[in-house]
Each structure stands twice: as structure tokens, then as C-alpha cells.
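K.L.:
Take this sequence and fold it.
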Amino acid sequence: MVCEEGFHEQLKNWVATYLKGESAIIFGVEFTFSVASISLATGLPNHGEYSFKGMNLDLENYRPFLKTPYREKHAHIIPFGYLLEKYAPLMKVVMKLFTCERRFSRIYAYHIRLLMHFTIQKPLNMCNYLCRSLAKMSERIQMKNKEHYPSLFHHSLIKIIVLHQLTKKNMTWESFLEIALKWNESNVAAQPSNMPAQQMEIGSSRKSMEIPKAEVTRMYKR
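P.N.:
The predicted structure follows:
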């Protein structure tokens, strides 16, 4: 599904900027990002244990995944090299696609918890996990701190949810982008020419919604 739908670079910015609770209103169109809506859009089952980052795991949870010399060492952070080699490829997939991280040298409790899910040892409610992950991402972006902008993730998941809900509203992706372009044109035209530069920084809501010119030319190619 991810390969089929792809992602839209600006869409993740809009959602991260305007997500309040479980709802994001973008160009007058309301989208819901809840456990139920993620389940409906993705087909993921809405059952399993509710769990997220920050939880604690017992040593017994770690042991099956660690090399023999390290099975008696319990720590909240363990080196990636402690992991059994047969689990290393799956763990990298978890880190890239689900926890959306760029570092692979350290393993945390939530990595082990996800590994337990994907090895069918203890099912996790993935819809809840993804919902909380989207909410956490949005909260960071709305702090308007530039250092968090590289933390935008779940690009394809966001587009899958948006496309599903557009269909329910009898709207197409192209018609939604038409609304976006009209909004952009009207707001750029209304922008005061003497607006201070700092008001147009990436953290501001107007800048977050403005579509770059290069993006406009690419929109209909997706």
C-alpha cells in the first residue's frame, strides 16, 4: 500500500501543523487521525495491547532477542550489537518505518516491544501506536522549534489516511490539491508586502501552509 500511494511532501507539514487532538482541518476539509480511522484506512486490526514509548520491560522480554553473553544484563539502552543476528534485519525495518529513526547503534525498550509484536510473541495495537506517534510528532512541530522539523515522518501513512477520507467525502486527490492551490494563491495575494521576515519563518502557520512554487509543478505528477 505504501508503494502504491507514495507520499506528498507538503501534506505531512499541513497535518503536523494543524492536528489538534484527533482532527486536522486543512483548507476547510476536516481529517480524522484516530485509532479507528487509522484502522479503517490501513486495514490494520484495531486490537492488541496499548503500548508506546516510555514503558518499562522486564529482563525476560529482552532475553529471547539477545546474544547469550548479554542475556543477564538489563538496561534501558543496549548496543545494537547485542541483538541476535537473525533479528537485526527486522529491527532495522522497525527503526526505519515505525519508530522513524536515523540512528541504529542503540536499542530501547520500545524497540524490543515492537520486535515482540512482529515476531508474534505479544500482539501490539499498532493503530494506537501509530496514532500516538502522529500526535507526538505534531506536538513537537507545533512548538515552532526549527530543530524538530527533521522529525517529520509517517509521510505515506498520512497520505493513505487522507486519501481514504477524501474518498468518503466524494473528493479526489486532485480536487483537494485544487483547493490547496486556490487557498495558497489567495493568501499570497493578501500578504502585506512589508510583512517582517521573521513572521514568515517555517514555524509560522502561514508559512507551513504556503506551497512552494516547485511543489506546485510537481503536484499533478503524483
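
K.L.:
got any ranges where this structure has weak pLDDT?
P.N.:
Counting by pLDDT under 70, the ranges of the chain that qualify are 1-8, 144-151, 186-222.

K.L.:
Which parts of it belong to which domain?
P.N.:
Recorded structural domains for the chain (assignment: automatic domain parsing) are 2-46+127-219, 59-124.

K.L.:
Quick check: end-to-end length of the shortest one?
P.N.:
End-to-end span of domain 59-124 (CA to CA, to the nearest Å): 19 Å.

K.L.:
Now render the domains of the chain as CSV, adding mean neighbour count and distance to residue 52.
P.N.:
All C-beta spots, glycine's among them, are computed from the backbone N, C-alpha and C. What follows is these, written out as CSV (neighbours: other CB atoms under 10 Å; distance: least, CB to CB, whole Å):
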stretch, mean neighbour count, distance to residue 52
domain 2-46+127-219, 15, 5
domain 59-124, 15, 7
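
K.L.:
can I get those in TSV with distance to residue 53?
P.N.:
Compiled in TSV, the domains of the chain are given as follows (distance: least, CB to CB, whole Å):
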stretch	distance to residue 53
domain 2-46+127-219	8
domain 59-124	4
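
K.L.:
And the helices in this structure?
P.N.:
2-5, 9-18, 35-42, 59-62, 88-97, 109-118, 126-141, 155-168, 173-190, 205-209, 213-219 (DSSP state H).

K.L.:
Which stretch among these approaches residue 51 most closely?
P.N.:
Comparing the helices of the chain against residue 51 with CB to CB, the closest turns out to be helix 109-118 (5.7 Å).
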